[in-house]
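Trainee: here's my sequence, what's the structure:
(one chain, ligands or ions: 2)
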Amino acid sequence: MDKRDEPIESLSQTGRIVHPTAETKAAAHIKDYEVEYRRSIADPEAFWDKIAKELEWFSPWTKVLEWNYPWAKWFVGATCNISYNCLDRHVKTWRRNKVAVIWVGEQGEERVFTYGELLRQVNRCANALKALGLKKGDRVTIYLPKIPEQIVAMLACARIGVIHSVVYSGFSAPALESRIQDAESRVVITADCGYDRGKRIALKTVVDQAVSNCGTVETVVVVRREKPGVPLTASKEVDWDDWLAGERAQCEAEPLDAETPLYILYTSGTTGKPKGVVHVHGGYMVGTYITTKYVFDLKEEDVYFCVADPGWVTGHSYIVYGPLLNGATILTAEGKPDYPNPGRWWHLIERYGVSIFYTTPTAVRLLMKYGEEWPKKYDLSTLRVLGTVGEPINPEAWEWYHRVTGGDKPIMDTWWQTETGMILVTPLPSVPLKPGSATRPFLGIEADVVDRAGNSLPANAGGFAVIKKPWPAMMRTIYKDPDRYQVYWNTIPNCYTAGDVCRKDEQGYLWFMGRADDVIKVAGNRIGTAEVESALVSHQAVAEAAVIGKPHKTVGESIKAFVILKQGYQSSHELLHALKDHVLKELGKIAVPHEIDVVTSLPKTRSGKIMRRVLKAQELGQDPGDISTIEE
Ligand code: ATP
Ligand code: MG
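Mentor: Ligands and ions are numbered 1, 2, ... in the order given. Here you go, the predicted model:
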């Protein structure tokens, strides 16, 4: 048997079960997950048909799904516009003057947009794009810091059928350049600068450098935050305010076929060269709308705070589109969780009465390092539902997050990808939680754990995470690379292969164990990285950990761990021994690292994910491949 076909060992034991409080259950949109789930997958098309009807369409579909494996079309023949559903749908109602976006800058500035005002800004920007001659299908690259203009520009593109490509503003000139070139953008929207932990990040200079090699770019629009403004020298450069100055605040949303591309977004590059994922108006709108509503149990009066950057898919789906589709009030803040001090986010939660808070395991671990004193200083009693995304959350971090926020708020560990567009595996607030597990598939989603041939594996056997049926917000292709798209659906027969390894326990709860590419093969056992890392982090001295496999002459691969110690701990022979001992107790002999290096930082993507392939390349003296998304 090919080694790759062997199941993946799962070594960790399921911990405690956290039941929803009576209050949470009573409030939840979905009260009985089991019943609703069974109903939804008995006829997924009927389920999605019903959900789609909660939104507004300019003309109806003739078919919910057209599936020519592996190509999907959803809401066939319908016309719609996601920006209409994010804005006009609310402005027509009492929500006209409801707060849509509260933005807080790193320097303490505050800007508030009602739905009415956001629509006016978006319309003016859409008219300005039209004045430049942009039409349906053209591409615009948005390279902005986390300021409201980012949201305005995205929705303005959507309004007229222009495809946006948001590039995270932390990227270097070469990374930006290759993304502009790949998209062949006609316009780049940027700013003079962003702020990061008090440091001024000059963005305009990065754009100058990138654009000098991008022949397709006709116009560079610059938001100037500072006075006096950075000089605009080239004839193609225009100031954002001047650009919008003469534009009318009315602009009809263009009726678009449901399959019209909405955006291109490059993946995080954790496992390799980033892929330009393409999402479309109709299905993406339905998927992000309903997941935001059900997963976070969103209600009219909630204040929703997602700390992501719109430069990542989480920002696209769960700062901009999903919440606005629901008419929510969104808080968004520039800057890092520990600047000017580690109370930053807790302070914002108190100040704005945040009720839904969505963050990442990396950020939770960072805040953990600063201790519980920080959250304790603030009134967090408005919180109702919490979330995490991006990596498996180790039970240690889960428990901390749960405890410091009051001990009774449900944590939605949401599993999904840039490619999936929407959350696919997640608890709902009414579902019993198991810390460390993303729990169950969302309604209408069939997820499974299989071997390479596509056979379902028995409970607790590790294997590949797959999705068995198409879903509305799935990517439609990889930009200019349809072959690469097909790989997702052709790797394991008849399903979408996510590239993650996972196990399903007796109750059908899914436990993500890391990336398939990172699986370590020790003495005939295949081990996911997440369990070993989680075991290391559960030792009181360890703040963060990453493990890789190293070729070993007798056991195939040996485990090498890199750990960052918590403040107050020092590396010593005894400590390393204690760490090995700890893993031995937690997981057993085969998971014990052969080597442990104490380090002060780990290579991460700019979205905060550990790049194990870079550690491995370093360790083995190999070429690390594409590192355009690495954090410096
Ligand atoms: P690339 O595909 O370029 O290597 P990436 O996979 O990091 O980058 P994203 O689409 O941002 O790009 O991340 C999706 C991945 O993040 C998932 O495949 C999974 O590995 C991980 N992930 C996201 N949420 C969770 C979660 N709740 N639990 C476990 N893993 C998660
Ligand atoms: Mg990926």
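Trainee: which helix or strand contains residue 305?
Mentor: strand 303-306 (DSSP states H and E).
Trainee: mind jotting down where the strands sit in the stretch 151-300 of the chain?
Mentor: 163-166, 187-191, 193-196, 199-202, 219-223, 237-239, 256-257, 261-266, 276-280 (DSSP state E, counting those that start in this stretch).
Trainee: what about the strand holding residue 305, near ligand 1?
Mentor: No. Residues of strand 303-306 are not located near ligand 1 by Cβ under 6 Å from any ligand atom, the shortest gap being 13.8 Å. C-beta: built from backbone N, CA, C; applies to glycine.
Trainee: hang on, residue 367 in a strand?
Mentor: No. Looking at residue 367 with DSSP: H, G, I helix; E, B strand; the rest coil, it is helix, so not inside a strand.
Trainee: end to end, how far does stretch 35-53 reach?
Mentor: Length of stretch 35-53, first residue to last, Cα to Cα, to the nearest Å: 21 Å.
Trainee: okay, now the sheet partners of the strand holding residue 305, with direction.
Mentor: strand 329-333 (parallel), strand 356-359 (parallel) (DSSP bridges).
Trainee: so which of the strands of the stretch 151-300 of the chain is nearest residue 153?
Mentor: strand 187-191 (5.0 Å; Cβ to Cβ).
Trainee: let me see the mean pLDDT of that closest one.
Mentor: The average pLDDT for strand 187-191 rounds to 98.
Trainee: ok, and what's touching that strand?
Mentor: Residues outside strand 187-191 that contact it (Cβ atoms under 8 Å, 6 or more residues apart in numbering) are 129, 132, 134, 138, 140-145, 147, 149, 153, 169, 180, 203-204, 207, 211, 214, 217-225, 240.
Trainee: now, of these, which are buried?
Mentor: Burial by neighbour count, judged by 16 or more other Cβ atoms under 10 Å, picks out 129, 132, 134, 138, 140-145, 147, 149, 153, 169, 180, 203-204, 207, 211, 214, 217, 219-225, 240 from those.
Trainee: returning to what we had before: show me the contacts of strand 187-191 that map onto helices.
Mentor: Applying DSSP state H to these, the entries found in helices are 129, 149, 153, 180, 204, 207, 211, 240.
Trainee: show me which of those is closest to residue 554.
Mentor: residue 180 (49.5 Å).
Trainee: the closest one: what's it in contact with?
Mentor: Contacts of residue 180 (Cβ under 8 Å, 6+ apart): 141, 165, 167, 188, 210, 211, 214, 216, 217.
Trainee: with distance to ligand 1 added, can I get those in TSV?
Mentor: Shown next, in TSV, are those (distance: Cβ to the nearest ligand atom, whole Å):
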residue	distance to ligand 1
141	18
165	15
167	14
188	23
210	20
211	24
214	22
216	24
217	25
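Trainee: can you name the two of those that sit furthest apart?
Mentor: Maximum pairwise distance in these, criterion Cβ to Cβ, is 14.7 Å, between 167 and 216.
Trainee: what about those two, which has more around it?
Mentor: Neighbour totals were compared for residue 167 and residue 216, and residue 167 leads with 24 against 16 (other Cβ atoms under 10 Å).
Trainee: can you map out the helices along the stretch 251-400 of the chain?
Mentor: Using DSSP state H, counting those that start in this stretch, the helices of the stretch 251-400 of the chain run over 281-295, 313-315, 322-325, 344-352, 361-370, 373-376, 395-404.
Trainee: ligand 1: which of those helices is closest?
Mentor: helix 313-315 (5.8 Å; Cβ to the nearest ligand atom).
Trainee: state the mean pLDDT of that closest one.
Mentor: According to the model, helix 313-315 has a mean pLDDT of 97.
Trainee: residues contacting it, please?
Mentor: 166, 265, 267, 277, 306, 308-309, 358, 389-390, 417-418, 421.
Trainee: let's have the residues you listed in CSV, adding neighbour count and distance to residue 51.
Mentor: Conversion of the contacts of helix 313-315 to CSV gives the following (neighbours: other Cβ atoms under 10 Å; distance: Cβ to Cβ, whole Å):
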residue, neighbour count, distance to residue 51
166, 28, 26
265, 29, 23
267, 22, 26
277, 23, 22
306, 26, 21
308, 24, 24
309, 22, 28
358, 23, 21
389, 25, 21
390, 23, 25
417, 19, 21
418, 21, 22
421, 30, 14
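Trainee: reformat those as a markdown table; add distance to residue 613 and pLDDT.
Mentor: As requested, these are exported to a markdown table (distance: Cβ to Cβ, whole Å; pLDDT from 0 to 100):
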| residue | distance to residue 613 | pLDDT |
| --- | --- | --- |
| 166 | 25 | 98 |
| 265 | 21 | 98 |
| 267 | 14 | 92 |
| 277 | 20 | 98 |
| 306 | 28 | 98 |
| 308 | 23 | 92 |
| 309 | 23 | 90 |
| 358 | 27 | 98 |
| 389 | 21 | 97 |
| 390 | 17 | 95 |
| 417 | 17 | 97 |
| 418 | 17 | 97 |
| 421 | 25 | 98 |
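Trainee: and these, which two are the farthest apart?
Mentor: Across those (Cβ to Cβ), the longest gap, 20.4 Å, separates 277 and 358.
Trainee: residues from the stretch 301-450 of the chain in reach of ligand 1?
Mentor: So the stretch 301-450 of the chain meets ligand 1 at 313, 389, 390, 391, 392, 413, 414, 415, 417, 418, 438 (Cβ under 6 Å from any ligand atom).
Trainee: for the nearest residue to residue 170 once chain neighbours are set aside, what are its contacts?
Mentor: Spatial nearest neighbour of residue 170, excluding adjacent residues (Cβ to Cβ, 6 or more residues apart in numbering): residue 606 at 4.7 Å. By Cβ under 8 Å, 6+ apart, residue 606 lies in contact with 168, 170, 171, 268, 311, 629, 630, 631.
Trainee: so which of those comes closest to residue 555?
Mentor: Looking across those and measuring by Cβ to Cβ, the closest to residue 555 is residue 630, at 30.3 Å.
Trainee: hmm, back to that, redo the helices of the stretch 251-400 of the chain as JSON lines? Include mean neighbour count and distance to residue 567.
Mentor: Below are the helices of the stretch 251-400 of the chain laid out as JSON lines (neighbours: other Cβ atoms under 10 Å; distance: least, Cβ to Cβ, whole Å):
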{"stretch": "helix 281-295", "mean neighbour count": "27", "distance to residue 567": "34"}
{"stretch": "helix 313-315", "mean neighbour count": "25", "distance to residue 567": "29"}
{"stretch": "helix 322-325", "mean neighbour count": "28", "distance to residue 567": "36"}
{"stretch": "helix 344-352", "mean neighbour count": "20", "distance to residue 567": "18"}
{"stretch": "helix 361-370", "mean neighbour count": "20", "distance to residue 567": "7"}
{"stretch": "helix 373-376", "mean neighbour count": "16", "distance to residue 567": "13"}
{"stretch": "helix 395-404", "mean neighbour count": "20", "distance to residue 567": "15"}
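Trainee: neighbours around residue 406, how many?
Mentor: Neighbour tally, residue 406, other Cβ under 10 Å: 13.
Trainee: how close does it sit to residue 375?
Mentor: For residue 406, the distance to residue 375 equals 10 Å [Cβ to Cβ, to the nearest Å].
Trainee: assign residue 430 to helix, strand or coil.
Mentor: Classified using three-state DSSP, residue 430 is coil.
Trainee: hang on, it packs against residue 31?
Mentor: Yes. Counting by Cβ atoms under 8 Å, residue 430 touches residue 31, with 5.5 Å between them.
Trainee: contact partners for residue 532?
Mentor: Residue 532 makes contacts with 520, 545, 547, 559, 561, 583, 587, 591, 593, as judged by Cβ under 8 Å, 6+ apart.
Trainee: wasn't it part of a strand?
Mentor: No. The assignment for residue 532, made by three-state DSSP, is helix rather than a strand.
Trainee: OK, contacts around residue 584?
Mentor: 591, 592.
Trainee: mind doing that once more with 6 Å?
Mentor: residue 592 (Cβ atoms under 6 Å, 6 or more residues apart in numbering).
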